[in-house]
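Novice: give me the fold of what follows.
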Amino acid sequence: MNIHFIAIGGSAMHNLAIALQQKGYQVSGSDDTIHDPSKSRLEKYGLFPKAFGWFTEKITTNLDAIILGMHAKKDNPELLKAQELGIKIYSYPEFLYEQSKEKTRVVIGGSHGKTTITSMILHVLNYHDKKVDYMVGAQLDGFETMVHLTEENEFIVLEGDEYLSSPIDMRPKFHLYKPNIALLSGIAWDHINVFPTFENYVAQFKIFTDSLTNGGIMVYNEEDQNVKQVVESSENAIKKYPYKTPNHFIENGITFIETSEGNLPLEIFGQHNLQNLAGAKWVCQHMGIDEDEFYEAIISFKGASKRLEKIAENPSTVVFKDFAHSPSKVSATTTAVKNQYKDRALIACLELHTYSSLNAEFLSEYKGALDKAYKAVVFYSPHAVKIKQLEEVTKEQIAQAFERDDLVIYTNPQEFKEFLFNQKLDNTAVLLMSSGNYGGLDFDEVKRLV
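Specialist: Purely as a prediction, here's the structure:
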């Protein structure tokens, strides 16, 4: 097949482009800007566009299909030309479904934990040399790409994002996969630009649950009341397998999980990660991995990239980087680090970076999210608020939302960096939470603090 990508530089898009080229397809693509790591990886595979921009001459009837990225606009010249010529246009989740119609589809959904759970499952399968197709939202150790597609593999494991599929397909991505096996980790309001009410957001997970094939399997976190209600009230003809936090304890900064194989030390920690592990175990068992085989593999799982990623450590200081930005993730991640390092002072830094987190109406959702920290810091860029065309938020609104009198707030990247680099870090845990980089913070430089 001859496939052209409009907005090839996206995280999922460029990985899908590489996967299709490796499968033997003819692949081309366009974009108006591409940054690393997409840039380097597309260059490596000879897929980096010769010039930035949109070129209608690339769109011809020789193409079998167009894959349209979320970064493109509805009036994109290449898209308009493809529509004019009647070329088949897919969003990437739609195309992944086409590629997996004859496979057993395993889809991991939820407001949080999707990437980690998908990563755990792939780590265990890879450890036992069980070959599967997959799409995951982070780069994993031992995996060349974030998307892998074959003709022969029986299973495909998909991270099921609830965000929209493409500029011309406003369905959430995870509605398109029609899973045989699914998991729901948690439901906490997010993406308020698309789902303006909590009820509207929850409805998407009901649709997902009802999209499972007849007789399909739903693994779900029964400790999340929203998930429990959605799954247990569904009348879809599916089998339901609840999971909860396994028994565990912390000793000398290491979390041990209690199993039939004995107490096993883990590389990961935090209640949400232990819940993720319990869910991943159920899914792996449904894919043919025995419980003892799962435990044998999971003890070497170090976590997904940017998910409670330890970036520096010495005997008295540890620094973590985490992708957390929504209120539930911020609270869970802060609590996890404090529980793991009970005798250390915790400095928790959060960048408000996403559309939801910078929305004045949504800010109150962060109440108490940083309460476990000894020092709590929030960074945001007024410029980012303008770019997103949001109503300006003030430091006073942020302080009021978190309900913490000693909250430190920065809007200047240099001032935030100076604060961080002037801290005494003996007997301290530092947590940097963001889906951005605090206005240009060099994390390699941060490592040298320790």
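Novice: quick check: longest strand of the chain.
Specialist: Counting residues, the longest strand found in the chain (DSSP state E) is strand 345-352.
Novice: which helices and strands does it pack with?
Specialist: Judged by 3 or more Cβ pairs under 8 Å, 6 or more residues apart in numbering; DSSP states H and E, the packing partners of strand 345-352 are helix 327-340, strand 375-380, strand 428-433. Bear in mind the C-beta positions are built from the backbone N, C-alpha and C, glycine included.
Novice: residues touching that strand, excluding its own?
Specialist: Strand 345-352 has contacts (Cβ atoms under 8 Å, 6 or more residues apart in numbering) with 324-325, 330, 334, 337-338, 358, 369-370, 372-380, 393, 398, 416, 420, 423, 427-438.
Novice: can you select the buried ones among these for me in PyMOL?
Specialist: In PyMOL, this line selects whichever of those come out buried by 16 or more other Cβ atoms under 10 Å:
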select buried, resi 324+325+330+334+337+338+358+369+370+372+373+375+376+377+378+379+380+393+398+416+420+428+429+430+431+432+433+434+436+438
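Novice: list the buried residues for stretch 284-291?
Specialist: For stretch 284-291, using 16+ other Cβ under 10 Å, the buried residues are 284, 286, 287, 289.
Novice: just give me the closest of those to residue 166.
Specialist: Nearest to residue 166 among those, counting by Cβ to Cβ, is residue 287 at 29.5 Å.
Novice: ok, now how distant is that closest one from residue 241?
Specialist: 13 Å (Cβ to Cβ, to the nearest Å).
Novice: likewise for residue 401?
Specialist: 37 Å.
Novice: looking at the two, which has the bigger crowd around it?
Specialist: The neighbour comparison of residue 401 against residue 241 (other Cβ atoms under 10 Å) goes to residue 401, with 21 against 18.
Novice: so that one is in which element?
Specialist: According to DSSP states H and E, residue 401 maps onto helix 395-402.
Novice: tally up the residues packed near the residue lying closest to residue 261 once chain neighbours are set aside, please.
Specialist: Spatial nearest neighbour of residue 261, excluding adjacent residues (Cβ to Cβ, 6 or more residues apart in numbering): residue 295 at 5.3 Å. Residue 295 has 19 neighbouring residues, counting by other Cβ under 10 Å.
Novice: now for residue 295: which residues touch it?
Specialist: 257, 259, 261, 264.
Novice: over to residue 164?
Specialist: With contact set as Cβ under 8 Å, 6+ apart, residue 164 has these partners: 70, 170, 171, 172, 173, 194.
Novice: ok, now with 10 Å
Specialist: 70, 91, 93, 170, 171, 172, 173, 191, 193, 194 (Cβ atoms under 10 Å, 6 or more residues apart in numbering).
Novice: repeat for residue 18
Specialist: With Cβ under 10 Å, 6+ apart, residue 18 has these contacts: 8, 27, 38, 41-42, 44-45, 47, 144-148.
Novice: what's the helix or strand for it?
Specialist: Short version, using DSSP H and E: residue 18 is in helix 11-22.
Novice: can you give me the buried ones in whichever helix or strand comes after that helix?
Specialist: Following helix 11-22 in sequence order, the next helix or strand is strand 26-30 (DSSP H and E). By neighbour count on 16+ other Cβ under 10 Å, the buried set for strand 26-30 is 27, 28, 29, 30.
Novice: would you turn these into a markdown table with pLDDT and distance to residue 129?
Specialist: Putting the buried residues of strand 26-30 into a markdown table (pLDDT from 0 to 100; distance: Cβ to Cβ, whole Å) gives the following:
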| residue | pLDDT | distance to residue 129 |
| --- | --- | --- |
| 27 | 98 | 28 |
| 28 | 98 | 34 |
| 29 | 98 | 33 |
| 30 | 98 | 38 |
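Novice: which of these sits closest to residue 99?
Specialist: Ranked by distance to residue 99 (Cβ to Cβ), the buried residues of strand 26-30 are led by residue 27 at 13.7 Å.
Novice: now the closest one: closest residue in space that isn't a chain neighbour?
Specialist: Residue 27 sits nearest to residue 21 (Cβ to Cβ, 6+ apart), 4.6 Å away.
Novice: now residue 263, nearest residue through space, not along the chain?
Specialist: residue 256 (4.5 Å).
Novice: so that neighbour sits against residue 267, correct?
Specialist: No. Between residue 256 and residue 267 there is no contact under Cβ atoms under 10 Å: 11.7 Å.
Novice: quick one, which of the helices and strands packed on strand 345-352 is nearest to residue 445?
Specialist: Here strand 428-433 is closest among the helices and strands packed on strand 345-352 (Cβ to Cβ), at 12.1 Å.
Novice: by contact count, what packs against that closest one?
Specialist: Counting contacts by 3 or more Cβ pairs under 10 Å, 6 or more residues apart in numbering; DSSP states H and E, strand 428-433 packs against strand 309-314, strand 317-322, helix 327-340, strand 345-352, strand 375-380, helix 443-447.
Novice: make CSV out of those and add distance to residue 85.
Specialist: Compiled in CSV, these are given as follows (distance: least, Cβ to Cβ, whole Å):
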stretch, distance to residue 85
strand 309-314, 45
strand 317-322, 45
helix 327-340, 43
strand 345-352, 43
strand 375-380, 44
helix 443-447, 45
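Novice: just the element for the residue lying closest to residue 433 once chain neighbours are set aside, please.
Specialist: Once flanking residues are discounted, residue 433 sits nearest to residue 324: 4.3 Å by Cβ to Cβ, 6+ apart. Counting by DSSP H and E, no helix or strand carries residue 324.
Novice: what residues are up against residue 324?
Specialist: Shown in contact with residue 324 (Cβ under 10 Å, 6+ apart): 112, 272, 306-308, 330-334, 336, 348, 350-351, 369, 431-435.
Novice: tell me where the model's unsure across the protein.
Specialist: 388 (pLDDT under 70).
Novice: show me it divided up by domain.
Specialist: 2-87, 95-298, 309-447 (automatic domain parsing).
Novice: ok, now which ones touch the closest residue to residue 440 other than its chain neighbours?
Specialist: Spatial nearest neighbour of residue 440, excluding adjacent residues (Cβ to Cβ, 6+ apart): residue 413 at 5.6 Å. Residues in contact with residue 413 (Cβ under 10 Å, 6+ apart) are 351, 379, 381, 437, 438, 439, 440, 441.
Novice: now with 7 Å, please.
Specialist: Contacts for residue 413 were tallied using Cβ atoms under 7 Å, 6 or more residues apart in numbering; they are 438, 439, 440, 441.
Novice: specify which member of those is nearest to residue 64.
Specialist: residue 440 (41.6 Å).
Novice: all strands for the stretch 151-300 of the chain, in order.
Specialist: Here the stretch 151-300 of the chain has its strands, by DSSP state E, counting those that start in this stretch, at 155-159, 164-166, 169-172, 181-184, 217-221, 239-243, 248-251, 254-259, 262-265.
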